[in-house]
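sequence unknown, structure follows:
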Ligand code: PMM
């Protein structure tokens, strides 16, 4: 039997200042065109974000965030592309749902907005609850852990309790360890090695390693962000082997190729 490959979320940041593709897709037609291209290359979902979460980034007004993401979401949905919205704001999640988004991707797991879990329950959309202790302090403020994996697992468990209390169906919830969000390179690697512990919470798991600094530190000092696509694709294949449900990546083609290798390795066939 051919193993099911994880879902690929192609990243479309419509922000002037994100981690690695910041500023590239601020023109509407260009942003929609890039989203369609990500889908054609094999992205199952295009993840549209209008507020940067990079270290030190300042918060964006709700109105600006929605002006950035809603037209892009409408354009992609009209072209038949499944869309997730990367937002901390319940109001934006609700507006994105009305515009046709089918998944809410919240890097605060609901900590940033007390209404988010209610919106998840009311819309019935799939919801990615990422682990990030300190959405107010910024991703650059490194958290301290006595027992990293148990603490991240327990804190994600609390997010799941909050979702259940708000009336959400956990079958629609995906958890994410939040690589790079107030975490050191060592934290990230230890969480990747402990994915089964997160999976034991009973929800699907997604990871977002793409082009992050902890991958860059494995490369030469002058390597470009795009050079991080190779280690990203290797992480994707290893994550597939660890049973993750999804990966969030900038370069869809290299991750799809990595999944092809993983699948052929499992089955002894190339299709
Ligand atoms: N990372 C970023 C943004 N959104 N969403 C999820 N679910 N998981 C992540 O790891 C994640 C995310 C920051 O990366 P970017 O600025 O390169 O998009």
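Here it is on my side, so go on. Source: prediction; values computed, not measured. Numbering: from 1, shown residues only.

so which helix or strand takes in residue 129?
strand 126-130 (DSSP states H and E).

check whether that strand comes near the ligand.
Yes - contact of strand 126-130 with the ligand (CB under 6 Å from any ligand atom) involves 128, 130. Bear in mind the C-beta positions are built from the backbone N, C-alpha and C, glycine included.

I'd like to know which elements that strand is packed against.
Secondary-structure packing of strand 126-130 (3 or more CB pairs under 8 Å, 6 or more residues apart in numbering; DSSP states H and E): strand 103-106, helix 148-165, strand 173-176.

contacts made by it with the rest, please.
84, 102-110, 120, 156, 159-160, 163, 168, 172-178, 181, 206, 208 (CB atoms under 8 Å, 6 or more residues apart in numbering).

can you rerun that using 7 Å?
Strand 126-130 is contacted from outside by 102-107, 109-110, 120, 156, 159, 163, 168, 172-176, 178, 206, using CB atoms under 7 Å, 6 or more residues apart in numbering.

ChimeraX command to pick out the buried ones of these?
Applying 16 or more other CB atoms under 10 Å to the contacts of strand 126-130 leaves a buried subset, and the ChimeraX line that selects it is:
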select :103,104,105,106,107,109,110,120,156,159,163,168,172,173,174,175,176,178,206
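
among the contacts of strand 126-130, which ones lie close to the ligand?
When contact is defined as CB under 6 Å from any ligand atom, the contacts of strand 126-130 meet the ligand at 105, 107, 176, 178, 206.

how about the fourth one: what's its closest non-neighbour residue?
Which is residue 178. Nearest non-adjacent residue to residue 178, counting by CB to CB, 6 or more residues apart in numbering: residue 131, 4.0 Å away.

I figured the one you found hits residue 109, correct?
Yes - applying CB atoms under 7 Å as the test, residue 131 and residue 109 come out as touching, 6.2 Å apart.

contact residues of the stretch 101-250 of the chain facing the ligand?
Residues of the stretch 101-250 of the chain lying near the ligand (CB under 6 Å from any ligand atom): 105, 107, 128, 130, 176, 178-179, 206, 208, 211, 248.

of all the residues you listed, which two lie farthest apart?
Spanning the widest gap among these are 128 and 211, at 18.4 Å by CB to CB.

model confidence for the residue nearest to residue 178, exactly?
At residue 131, the model reports a pLDDT of 97.

likewise residue 55?
So residue 55 comes in at 56 (pLDDT).

how about the contacts made by residue 109?
Per CB under 7 Å, 6+ apart, neighbours of residue 109: 129-132, 159.

and what of residue 201?
Applying CB under 7 Å, 6+ apart to residue 201 gives the contacts 153, 156-157, 160, 175.

and of those, the nearest to residue 36?
residue 175 (28.9 Å).

now the strands: where do they sit in the stretch 1-150 of the chain?
For the stretch 1-150 of the chain, the strands defined by DSSP state E, counting those that start in this stretch cover 7-13, 45-49, 83-86, 103-106, 126-130.

and among those, the most buried is which?
Compared across the strands of the stretch 1-150 of the chain, strand 83-86 shows the largest average neighbour count, a mean of 29 (mean count of other CB atoms under 10 Å).

partners of that strand in the sheet?
Strand 83-86 sits in its sheet next to strand 45-49 (parallel), strand 103-106 (parallel), going by DSSP bridges.

tell me if that strand is near the ligand.
Yes - Strand 83-86 lies within reach of the ligand by CB under 6 Å from any ligand atom, at residue 86.

name the residues that touch that strand?
Strand 83-86 is touched from outside by 9, 45-49, 69, 73, 76-77, 92-93, 96, 100-105, with contacts defined as CB under 7 Å, 6+ apart.
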